[in-house]
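> Have a look; sequence and predicted model below, questions after that.
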Amino acid sequence: MLTSPSPEGSLDPRQTPDADSASVPPSPPRDGRYMMMVISGLLALGLGIGAAALPVPYVIESAGPTFNTLGKDGDKPVISITGRESFPANGNLDLTTVVMTGGPKTPATIFDVFRAWLDPSKAIYPEELIYPKGTTAEQTVQQGEIAMETSQENAVAAALRELEIPFEQRLNVAGLSDPSPSAGKIQEGDRLISINGKAITSMSVVQAELAAGAGSPVVVGLDRKGTAVSETITPTKNQADRYVLGVLLASDFTFPFDVSISLDNVGGPSAGMMFALGIVDNLTPGDLTGGKHVAGTGTITADGAVGPIGGIAQKMIGARQKGATMFLAPASNCADVVGHVPDGLQVVKVETLADATSAVERLGAGQDTGSLPTCTNN
């Protein structure tokens, strides 16, 4: 039997439809406009990815690792003492660190900043607040190494002074401030010997004499290339409202025994106080901590004064994550501490190495630490 053709648009009853025909998109027009759209889209995507990978002028601070100054870094003790009896200690006196993303060494991208913005444990700062304009990666590393070396020397001096172990400290003039009341009188390379007839055995002697004189002229005895020189200088006040000679000083120490500090890949001055505490514990019979877990941060001077540091909120987070229950914070960092203390961490504010030592001793002896000074909004 013959059949007639099916009308246009209708289905011949002898044909079987393709089950996937409804999901197949129409073929794109094969002309120049379509290709231009594809190329433009790919270019926009590439530019977006490239822009996101470009460095942005921000620095991100994150909690870094902690290091027990009573323990080891790798296979080496963080603190080792030769030439004098020492007492290996238990417990933890952790120095804390921050990881910096951004700046000359490790530039941050917009993706890094966006992720940090979503993470309350991290802090974001404009790059110029952390690194002076024009600072290179090499300069950053070098400055960190110098600051670390200086902090270690100061830590040894502060610990020995705390334990009343004699040592020799010489104050050498590294330069003059601008302006300086000592201009034309004190020269770079001079060594400070005395002030108003009192032997200069530490920076505190100079500071005490200037404060007592309240701006009156002082007589400074100097060693200038082996020649004794005497100059009368009228001190001025600095921005901290203290009387100063306007000289930049570098300390030169002679210790009665050797204290070696081994810590790789950590720079800056902020470990000074915890180094000093570790040295005190190593030179003292028994355990200063009583086996407890203490962490902290702060610069240290040879006279034992504890100074402020950066990234303290992130350092407290890192300390608590590693199990610390007490954190020693510089009093001058209290504004950065309030409102950022992790649960379970007692923060004790300290101004001197003596304050820090006393707090750890009290904790280690099992005494009540609730009355120790802390940071408040007042």
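Received, thanks.
> ok, then the element right after the longest helix anywhere in the chain?
For the chain, the longest helix by residue count, based on DSSP state H, is helix 137-162. Using DSSP states H and E, the helix or strand that follows helix 137-162 in sequence is strand 168-176.
> Buried residues, that next one. List them.
Along strand 168-176, these residues count as buried under the neighbour rule (16 or more other Cβ atoms under 10 Å): Q169, R170, L171, N172, V173, L176. Every C-beta, even on glycine, is put in place using the N, C-alpha and C of the backbone.
> cool, and stretch 120-128?
Applying a neighbour-count criterion of 16+ other Cβ under 10 Å, the buried positions in stretch 120-128 are K122, A123, I124, Y125, E127.
> could these go into a markdown table alongside secondary structure?
Formatted as a markdown table, the entries for the buried residues of stretch 120-128 read as follows, by DSSP: H, G, I helix; E, B strand; the rest coil:
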| residue | secondary structure |
| --- | --- |
| K122 | coil |
| A123 | strand |
| I124 | strand |
| Y125 | strand |
| E127 | helix |
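> any idea which of the residues you listed is closest to S194?
Y125 (44.0 Å; Cβ to Cβ).
> What segments of this structure are helices?
The residue ranges that make up the helices of the chain, judged by DSSP H, are 32-53, 110-117, 127-130, 137-162, 203-213, 272-282, 312-321, 334-337, 353-364.
> Redo these as TSV? Include mean pLDDT and distance to G91.
Converted to TSV, the helices of the chain look like this (pLDDT from 0 to 100; distance: least, Cβ to Cβ, whole Å):
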stretch	mean pLDDT	distance to G91
helix 32-53	57	45
helix 110-117	85	34
helix 127-130	82	33
helix 137-162	87	17
helix 203-213	91	30
helix 272-282	96	8
helix 312-321	96	14
helix 334-337	95	23
helix 353-364	96	7
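> re earlier: with respect to G323, which of the buried residues of strand 168-176 is nearest?
The shortest separation between G323 and any of these is 36.8 Å, and it belongs to Q169 (by Cβ to Cβ).
> and L345, how far is that from G310?
Per Cβ to Cβ, to the nearest Å, L345 is found 19 Å from G310.
> Which residue of those two possesses the greater neighbour count?
The residue with the greater number of neighbours, taking L345 and G310 and applying other Cβ atoms under 10 Å, is G310; the counts read 19 against 15.
> dump the residue contacts of the more buried one.
Contact partners of G310, counting by Cβ atoms under 8 Å, 6 or more residues apart in numbering, are E61, V98, I130, S270.
> Then A365?
Contact criterion Cβ under 8 Å, 6+ apart gives G290 as the residues in contact with A365.
> Distance of it relative to I312?
27 Å.
> Would you format the helices of the chain as a markdown table with distance to I300 included?
What follows is the helices of the chain, written out as a markdown table (distance: least, Cβ to Cβ, whole Å):
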| stretch | distance to I300 |
| --- | --- |
| helix 32-53 | 41 |
| helix 110-117 | 30 |
| helix 127-130 | 22 |
| helix 137-162 | 5 |
| helix 203-213 | 12 |
| helix 272-282 | 3 |
| helix 312-321 | 16 |
| helix 334-337 | 18 |
| helix 353-364 | 6 |
